[in-house]
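1. Sequence first, then the predicted structure:
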Amino acid sequence: MARHAGAGRVAWIGLRPERLADLVPVEAADLGEAGLDGDHARAGKRALTLIQAEHLPVIAALAGIGEVAPEVLRRNVVVSGINLTALRNHPIKIGAALVEITAPCAPCSRMEAALGHGGYNAMRGHGGWCARVLAPGRIAVGDSVARAGPDSGAT
């Protein structure tokens, strides 16, 4: 269960300058204990939110819309190429930072407005993950995402 086909990649990063604000896409950001610099998150189990890039077309299909832009889903980091669910309970290296997935990130009621009628249910099971920061560092679009540790092959 420690093996993956390969490392994933950071596909998109977004910051919410304040609560309920629209997400602002960025190419890179510093990740500290309280989340991404410039984001309104706070330290703890929900400092960072991640979502699987491969789930965006699924959410769009279930919502009956053409496609879903990452900023609509209100998650900080979109990851492609590695199964985030399989990384739960293990340290994860993202760029220069180290995080740990703590819990599923449930969709909020705002998804009804963002995705249309049924948007909340379209995201159920595909809403992404919350994570705590174990070691701060810079992350950027294109950075590797991999399980960290002695048996992972990641450094």
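-> That came through fine.
2. Could you pull out the helices in this structure for me?
-> Here the chain has its helices, by DSSP state H, at 56-63, 111-115, 119-123.
3. Format the ones you listed as TSV; extra columns: distance to Ile82.
-> In short, each C-beta sits where N, CA and C put it, glycine included. Listed next are the helices of the chain as TSV, based on distance: least, C-beta to C-beta, whole Å:
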stretch	distance to Ile82
helix 56-63	15
helix 111-115	25
helix 119-123	20
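4. Just say which of those is most tucked in.
-> Among these, helix 119-123 has the highest mean neighbour count (mean count of other C-beta atoms under 10 Å), at a mean of 21.
5. Touching it from outside, list them.
-> When contacts are defined by C-beta atoms under 8 Å, 6 or more residues apart in numbering, helix 119-123 is touched by residues 59-60, 62-63, 73, 107-109, 111-113, 115.
6. of all those residues, which comes closest to Ala97?
-> When the contacts of helix 119-123 are ranked by distance to Ala97 (C-beta to C-beta), Leu73 comes first, at 21.1 Å.
7. Just list the residues touching the closest one, thanks.
-> So Leu73 contacts 51, 56, 59, 111, 114, 123, 127-128 (C-beta under 8 Å, 6+ apart).
8. Give me the residue at the spatial middle of this protein.
-> Leu50 (1.0 Å; C-alpha atoms, centre = their mean).
9. can you tell me how far that one sits from Gly6?
-> Applying C-beta to C-beta, to the nearest Å, the value for Leu50 to Gly6 is 18 Å.
10. Strands of this protein, start to end?
-> Shown for the chain, the strands assigned by DSSP state E span residues 8-15, 24-26, 28-32, 35-36, 48-52, 77-80, 91-94, 97-104, 129-135, 137-140, 144-147.
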